[in-house]
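# dropping the sequence and predicted coords here.
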Amino acid sequence: MSASDDERLARATISLVTEPGDVRCLGLTRELGGVRFLEALREHADLRPELTAAAGRLAEVRPQQVLDRARRQGIRFVVPGDDEWPGSLDELGGTGALQARGEVPVGLWVRGPLRLDQLASALAVVGSRSSTTYGDQVAGELAAVVGRAGRPIVSGAAYGIDYAAHRGALSADAPTVAVLACGVDRAYPAAHRRLLDHLGTHHAVVSESPPGAAPFRIRFLARNRLIAALTRGTVVVEAKVRSGALNTAGWADRLHRVVMGTPGLVTSAASEGVHELLRAGGAALVTRGEDVLELLGTAGEYLTEPARGPAAPRDRLSIRAPQVLDAVPASSPAPTDSVALVAGLGAAEVDRLLAELSAEGFVERLPTGWRLGERAR
């Protein structure tokens, strides 16, 4: 099933004349549909400043030409009503705005074979562009473990944590998607052209902005809500107090997705924003991919054992045996009565426990009494 040609053309037009995340225009498109909103834009453009600005650009755009050119470049325009449309994006409707951006996009421009409706179980990995070596390692390992479990990895292809996340997913042969703040035909940043070309050939590159659009600052804020909405959960790996990654986490929280954060050094400015998110209870603390899988999965799907030290021989002793063992001297032998006095137990019970400990090699009996054996040293 797919949307009608008229609806797709209308939404392509709206995509060309409005800014991504424009709450007023996108909200009306969601309520009226693309065709009816476009009619309203042409007939009642003077109702609101946002509509006037968008209507003023209608004469400049050629939506059918843009769609045709995009198709030749291997770019498709996915809209509500298409089988590929991810229903999770519809949850953006009516959730309000963050930093003046919000709402359901009119459509998404996609380059690459990976279908958007396959992202329901995906993980978003976001964080600082000026990441540390530690942050890159954590992001890469998280993405690899989660990707190896069959979950796609979504990020923004930026420097730092985003790049490490995509690389981690690719190392595990996992699907990975880059959501951009510019057109999917542009390489931003330019240094990541090879990565983006690879994703556009084998995975997917996605944007709310039409082909050719430049990466303006406000478009990054609009982009963040898509990363949160397309995925089941978001993990923040390194973020300063003022960070776009925290904006993504805010959207994930609004959409009732799982929000996670990885701790860094308490003195690290690169992790200060994550630490504040964790301190305020806005995110669950995760340190490895297995932690993420446990939070993303259904009840009982991924269960992890609490971190423990290696098992020690004493761990298998009965509850009173360690009490006796602690009372046995390390070098100078002591008689049973002396051990019992120090242990605070009866002599008969201590004599029995000493025999058991001796059989296990924890103590040894000498002519003058008991002392610790090699296994207890």
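Sure thing, it's come through. None of the values given here were measured: they were computed from a predicted structure. Numbers count the residues shown, from 1 in each chain.
# grab the longest helix from this structure for me.
Longest among the helix segments of the chain by residue count, using DSSP state H, is helix 133-148.
# what packs against the helix or strand just after that one?
Downstream of helix 133-148, the first helix or strand assigned by DSSP states H and E is strand 153-155. In terms of contacts (3 or more Cβ pairs under 8 Å, 6 or more residues apart in numbering; DSSP states H and E), strand 153-155 is packed against strand 123-127, helix 133-148, helix 161-171, strand 176-180, helix 217-230. C-beta here means a position set from N, CA and C on the backbone, and glycine is covered the same way.
# list the contacts of strand 153-155.
Strand 153-155 is touched from outside by 119, 122-126, 143, 146-147, 161-162, 165-166, 168-169, 174-179, 227, 230-231, with contacts defined as Cβ atoms under 8 Å, 6 or more residues apart in numbering.
# list only buried entries from those.
Neighbour counting over the contacts of strand 153-155 (16 or more other Cβ atoms under 10 Å) leaves 119, 122-126, 143, 146-147, 161-162, 165-166, 168-169, 174-179, 227, 230-231 as the buried ones.
# which one of the helices and strands packed on strand 153-155 lies nearest to residue 305?
helix 133-148 (15.4 Å; Cβ to Cβ).
# check which residues of that closest one are buried.
Along helix 133-148, these residues count as buried under the neighbour rule (16+ other Cβ under 10 Å): 134-136, 138-148.
# and which of these is nearest to residue 83?
Scanning the buried residues of helix 133-148 for proximity to residue 83, where the rule is Cβ to Cβ, the winner is residue 147, at 24.6 Å.
# tell me the contacts of that closest one?
Each residue near residue 147 by Cβ under 8 Å, 6+ apart is listed here: 153, 168-169, 172-176.
# need the max-distance pair from those residues.
Pairwise distances among the contacts of residue 147 were taken by Cβ to Cβ; the largest, 12.5 Å, belongs to 168 and 175.
# could you pull out the buried residues of the helix or strand bottoming out on mean pLDDT in the chain?
Within the chain, no helix or strand scores below helix 49-56, which has a mean of 83 by mean pLDDT, DSSP states H and E. Neighbour counts using 16+ other Cβ under 10 Å place 50-51, 54-55 of helix 49-56 among the buried residues.
# what's the answer for stretch 335-352, then?
Neighbour-count burial for stretch 335-352, counted by 16+ other Cβ under 10 Å, picks out 336, 338-340, 342-343, 345, 350.
# tell me where the model's unsure across the stretch 151-300 of the chain.
Scanning the stretch 151-300 of the chain for pLDDT under 70 picks out 299-300.
# and the pLDDT for residue 308?
Per-residue confidence (pLDDT) for residue 308: 74.
# no wait, residue 120
Reported pLDDT for residue 120: 95.
# that one - that's part of a helix, no?
No. Using DSSP: H, G, I helix; E, B strand; the rest coil, the secondary structure at residue 120 is coil, not a helix.
# contact partners for it?
When contacts are counted by Cβ under 8 Å, 6+ apart, residue 120 touches 86, 88, 232.
# how about residue 373, what does it touch?
Contacts of residue 373 by Cβ under 8 Å, 6+ apart are 357-358, 361-364.
# hmm, I was thinking of residue 357
Counting by Cβ under 8 Å, 6+ apart, residue 357 makes contact with 317, 321, 324-325, 328, 363, 373.
# mind redoing it with 6 Å?
Residues near residue 357 by Cβ atoms under 6 Å, 6 or more residues apart in numbering: residue 363.
# residue 127: how many residues sit nearby?
Residues lying near residue 127 (other Cβ atoms under 10 Å) number 35.
# what are the bridge partners for it, then?
For residue 127, the beta-bridge partners are residue 237 (DSSP bridges).
# if I look at it, how far off is residue 142?
As for residue 127, its distance to residue 142 is 10 Å (criterion: Cβ to Cβ, to the nearest Å).
# cool, residue 13 as well?
In terms of Cβ to Cβ, residue 13 sits 40 Å off from residue 142.
# repeat that for residue 348.
Using Cβ to Cβ, residue 348 is found at 57 Å from residue 142.
# nearest residue to residue 70 other than its sequence neighbours?
residue 211 (5.4 Å; Cβ to Cβ, 6 or more residues apart in numbering).
# wait, isn't the one you found in contact with residue 183?
Yes. Under the criterion of Cβ atoms under 6 Å, residue 211 makes contact with residue 183 at 4.3 Å.
# now do the shared contacts for these two.
Contact criterion Cβ under 6 Å, 6+ apart; no residue bridges residue 211 and residue 183 by contacting each.
# looking at the helices and strands packed on strand 153-155, which is closest to residue 368?
helix 133-148 (56.2 Å).
# ramachandran coordinates for the residue lying closest to residue 212 once chain neighbours are set aside?
Of all residues not flanking residue 212 in the chain, residue 183 sits nearest, at 4.8 Å (Cβ to Cβ, 6+ apart). As for residue 183, its main-chain torsions (degrees, to the nearest 10) stand at phi -60, psi 150.
# which ones are touching residue 183?
Applying Cβ under 6 Å, 6+ apart, we find residue 183 in contact with 207, 209, 211-213.
# which ones among the residues you listed are found in strands?
residue 207 (DSSP state E).
# what's the most distant pair in the contacts of residue 183?
Once Cβ to Cβ is applied, the contacts of residue 183 give 207 and 212 as the farthest pair, at 10.6 Å.
# comparing these two, which residue is more hemmed in?
residue 207 (30 against 14).
# can you tell me how far that one sits from residue 323?
Distance from residue 207 to residue 323, by Cβ to Cβ: 67 Å.
# and residue 28, by the same measure?
Taking Cβ to Cβ as the measure, residue 28 falls 75 Å from residue 323.
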